[in-house]
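J.: Here is a sequence together with a model predicted from it:
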Amino acid sequence: MRAPSDDIDRLMAVMDCAFDPAFGEAWTRRQVEDALLIGNCHYILIDAAGHMPPADDAPAAGFSLSRGGYEEEELLLFAVAPEYRGMGLGRAMLQQLAKNARFRNGNRLLLEMRDGNPAEQLYRSFGFTPIGRRPNYYRNAAGGQIDAITFQCDID
Ligand SMILES: CC(C)(COP(=O)(O)OP(=O)(O)OC[C@H]1O[C@@H](n2cnc3c(N)ncnc32)[C@H](O)[C@@H]1OP(=O)(O)O)[C@@H](O)C(=O)NCCC(=O)NCCS
């Protein structure tokens, strides 16, 4: 999915403030641009009022980046800027992602999350269930190792 440069600017503004640097999860602009060049990667931008895409020149309050595969869509990155959290924007993007993925013939969403990420509460209440664990998959800035948990959500 090609993205206009101002959409990438808006996405990166959220990227730069949403991820805790202790876990090194944020991507660089180059990584985002390369992913979107592949063709099966897709993004959603949402503004503070919940519009997807954002209205006119409104800044993005959150974004998702996902990759469509055979009958499934993997959530690669998902974030809401700290000042807009707890307003339902994350849940709204997951709903939109499920709708888009169904349209692309997907029947399940997948994601991988570091163990202990409070986002788990949102994922579980949306309908995601854990299907696997990779021990010591992530390493934090202090050198500690953290398991990755894979979740799936049926959307058909
Ligand atoms: C995960 C994230 C995108 C959620 O965005 P959000 O807009 O705050 O989520 P919502 O407002 O839609 O929350 C929906 C529900 O999940 C709960 N929830 C969401 N994030 C939560 C968190 N960090 N801690 C506790 N509960 C959380 C909310 O309480 C809410 O519950 P409710 O619907 O029963 O009221 C946001 O916290 C974020 O950007 N985190 C940092 C980046 C990150 O870790 N991304 C995920 C990588 S796997």
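T.: Everything's here; your move. Numbering: from 1, shown residues only.

J.: Just give the number of residues close to Ala61.
T.: 26 (other CB atoms under 10 Å). For glycine as for every other residue, the C-beta is placed from the backbone atoms N, C-alpha and C.

J.: for Ala81, same thing?
T.: If you count neighbours by other CB under 10 Å, Ala81 ends up with 19.

J.: Next, the contact list for Ala148, please.
T.: 112-115, 133-134, 137-138 (CB atoms under 8 Å, 6 or more residues apart in numbering).

J.: meant to ask about Leu75, not that
T.: 64-66, 97, 109-111.

J.: State the distance from the residue nearest the centre of the chain to the ligand.
T.: In the chain, the centroid-proximal residue (CA atoms, centre = their mean) is Phe78; its distance is 2.1 Å. Going from Phe78 to the ligand by CB to the nearest ligand atom, to the nearest Å gives 5 Å.

J.: So what pairs up with that residue in the strands?
T.: Assessed by DSSP bridges, Phe78 has beta-bridge partners Ser64.

J.: picking that back up, which one of the contacts of Ala148 sits closest to Met52?
T.: Of all the contacts of Ala148, Met113 has the smallest distance to Met52: 22.4 Å, by CB to CB.
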